[in-house]
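Enquirer: Got a predicted structure here, sequence first:
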Amino acid sequence: MRIKNVVVTFAIIFTVPFAYASSNSRYTSPQMAPDAISRDILSHPIKAFEEGAVSASDVPAAIERNYSKIIEQNVASMPPNSAAAWLDQLSDLELEHTAQLYVNSNATAGRTGKLLQVWASRLDGAHLAHVARYFGYDNVYSAIVEVAPLKAQSFAAKVSVAYPGPIAGMPLSVPQHMASVWGSGGAIMAGFTPQVSMTLEQLYSGFRSMQVGAMASQAAVYETGMYAGKNLIAAWGIGYGFGTGITYLMQEYTPDFYNDTFVPAVGGTISSAVNFVQNLVTTVYHDYTQMQTDPLGNYEKSTIPTFGVNSSAQNTMGITGGDFIMEYEYESVTTGAGGCHPNCYQAH
């Protein structure tokens with residue numbers, strides 16, 4: 001069997017990000033935003049992750065084009081304290097990948113983007129210096145001079161000019177050493193291709209900036225698995241190696257949890273970890289397509305803690321259904337909200 005170079009359809013989540021100060025600590029309308037750039041961004045939101053696709057085959061490309069605008073929406077809705085708190089809890093690798101994915105998306109869409117200008121408006125000099133390590137000194141400095149020149153001196157005093165920023169079109173700086181599974185029979189295929197790896201990373205990265213995913217890397221990983229079960233199996237087949245791909249994300253972003261807690265909890269070997277995640281995705285697919293709301297909700301209830309999702313994120317999933325209503329069934333069994341159907345990502 002051959003490895004297929006595919007661009008998996010992924011969901012970039014674009015509901016309002018997690019508010020760190022309070023549930024109302026966000027800009028819910030363009031008029032609330034304090035700067036013209038954010039007001040413009042929030043006045044022209046992406047309303048569906050595949051917006052602009054001209055055909056089913058164009059959906060992956062449309063999502064790639066929309067990625068940068070969705071990240072801008074997310075950040076534009078964050079007040080300064082929330083934006084700073086969200087940035088503080090992202091790892092170096094997450095910021096590095098976000099920067100590369102953002103620049104690649106802008107290049108694909110033929111746009112320059114306004115994310116750095118929004119950050120320049122929101123963040124202090126120290127936080128902007130941290131952003132510059134991944135987005136480039138010159139890029140961040142130019143944005144500061146454009147929208148918040150009084151911050152330029154504080155920024156320049158805290159960061160080296162040596163940070164060049166990402167180059168459009170470059171792959172993520174991730175070693176391509178994991179195995180991938182494709183096709184019926186579960187044959188092991190060599191190598192995780194950049195296209196497959198980047199797509200899962202884009203999916204994870206989108207969840208990571210959202211209400212639940214922003215709380216912890218584990219929550220974003222879990223929602224990636226839920227999305228895979230509810231969407232990607234239908235698109236790419238049950239034999240695809242979601243277990244390998246998602247455990248790969250765990251090794252990238254939560255290595256201590258993955259090695260010290262997750263692997264021992266699910267069998268003690270790398271193989272058992274992959275099989276556990278693959279079973280998660282296929283179980284979600286089965287119960288979801290059969291509209292088995294309560295069984296799926298109880299399954300989510302039992303697996304969410306296994307993935308290390310913290311108590312705050314668990315509680316939010318139980319009350320709201322999670323980002324993009326990924327855990328609607330968990331909410332249903334927790335609150336008695338009612339049954340689910342195959343299109344249960346709609347607002348409810």
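Expert: Received it, and whenever you're ready, just let me know what you need.
Enquirer: Phi first, then psi, for the nearest residue to Asp138 once chain neighbours are set aside.
Expert: Spatially, and ignoring its direct neighbours in sequence, Asp138 is nearest to Gly165 (7.1 Å; C-beta to C-beta, 6 or more residues apart in numbering). All C-beta atoms are positioned from the backbone trio N, CA, C, and that covers glycine. In terms of degrees, to the nearest 10, the main-chain angles of Gly165 are phi 90, psi 170.
Enquirer: For Gly165, give its distance to Asp287.
Expert: For Gly165, the distance to Asp287 (C-beta to C-beta, to the nearest Å) stands at 44 Å.
Enquirer: and if you look at Ser142?
Expert: Distance, Ser142 to Asp287, using C-beta to C-beta: 50 Å.
Enquirer: more crowded one of these two?
Expert: Taking neighbours as other C-beta atoms under 10 Å, Ser142 and Asp287 compare with Asp287 leading, 22 against 14.
Enquirer: That one: which element?
Expert: Element membership for Asp287, per DSSP states H and E: helix 270-289.
Enquirer: can you give me how far that helix is from the chain middle?
Expert: Going by C-alpha atoms, centre = their mean, to the nearest Å, the spacing between the C-alpha centre of helix 270-289 and its chain's C-alpha centre is 20 Å.
Enquirer: For it, enumerate the helices and strands it packs against.
Expert: helix 217-227, helix 233-236, helix 242-253, helix 263-265, helix 293-303 (3 or more C-beta pairs under 8 Å, 6 or more residues apart in numbering; DSSP states H and E).
Enquirer: which one of these is the most hemmed in?
Expert: Using mean count of other C-beta atoms under 10 Å, the stretch among the helices and strands packed on helix 270-289 with the largest mean neighbour count is helix 217-227, at a mean of 28.
Enquirer: which outside residues touch it?
Expert: Identification of contacts with helix 217-227 by C-beta atoms under 8 Å, 6 or more residues apart in numbering yields 10-11, 13, 91, 94, 200, 203-204, 207-208, 210, 212-213, 242, 246, 249-250, 253-254, 257, 277, 280-281, 284, 300, 303-304, 307-310, 313, 317, 322-324, 326-327.
Enquirer: List only buried entries from those.
Expert: Buried members of those, scored by 16 or more other C-beta atoms under 10 Å, are 10-11, 13, 94, 200, 203-204, 207-208, 210, 212-213, 242, 246, 249-250, 253-254, 257, 277, 280-281, 284, 300, 303-304, 307-309, 313, 317, 322-324, 326-327.
Enquirer: Could you list the low-pLDDT ranges of the stretch 101-250 of the chain?
Expert: 172-199, 209, 211, 214 (pLDDT under 70).
Enquirer: quick one, helices of it?
Expert: Assigned by DSSP state H, counting those that start in this stretch, the stretch 101-250 of the chain shows helices spanning 115-122, 125-135, 137-147, 152-156, 194-208, 217-227, 233-236, 242-253.
Enquirer: Let me know the angle separating the helix holding Asp287 from helix 242-253.
Expert: Calculated by axes from the mean of the first three to the mean of the last three C-alpha atoms, to 10 degrees, helix 270-289 forms an angle of 120 degrees with helix 242-253.
Enquirer: Okay, buried residues for helix 270-289 please.
Expert: Neighbour counts over helix 270-289 (16+ other C-beta under 10 Å) mark 273-274, 276-278, 280-288 as buried.
Enquirer: right, and the pair among the residues you listed with maximum separation?
Expert: Maximum pairwise distance in these, criterion C-beta to C-beta, is 22.6 Å, between Ala273 and Tyr288.
Enquirer: about what we covered before: distance to Trp86 for the helices of the stretch 101-250 of the chain - can I get that in a markdown table?
Expert: Below are the helices of the stretch 101-250 of the chain laid out as a markdown table (distance: least, C-beta to C-beta, whole Å):
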| stretch | distance to Trp86 |
| --- | --- |
| helix 115-122 | 10 |
| helix 125-135 | 10 |
| helix 137-147 | 17 |
| helix 152-156 | 19 |
| helix 194-208 | 9 |
| helix 217-227 | 12 |
| helix 233-236 | 30 |
| helix 242-253 | 15 |
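Enquirer: for the ones you listed, which one sits closest to Arg65?
Expert: Proximity to Arg65 (C-beta to C-beta) singles out helix 194-208 among these, at 11.9 Å.
Enquirer: can you tell me the distance between the two ends of stretch 127-143?
Expert: End-to-end span of stretch 127-143 (C-alpha to C-alpha, to the nearest Å): 14 Å.
Enquirer: Show residues contacting that stretch.
Expert: Counting by C-beta under 8 Å, 6+ apart, 84, 87-88, 92, 95-96, 98-99, 102, 116-117, 119-120, 123, 144, 151-152, 155-156, 158-166 sit against stretch 127-143.
Enquirer: From those, list the buried ones, please.
Expert: 84, 87, 95-96, 98-99, 102, 116-117, 119-120, 123, 144, 151, 155-156, 159, 163, 165-166.
Enquirer: How about Val54, nearest residue that isn't a chain neighbour?
Expert: Leaving aside its sequence neighbours, Val54 sits nearest to Ala62 (C-beta to C-beta, 6+ apart; 8.0 Å).
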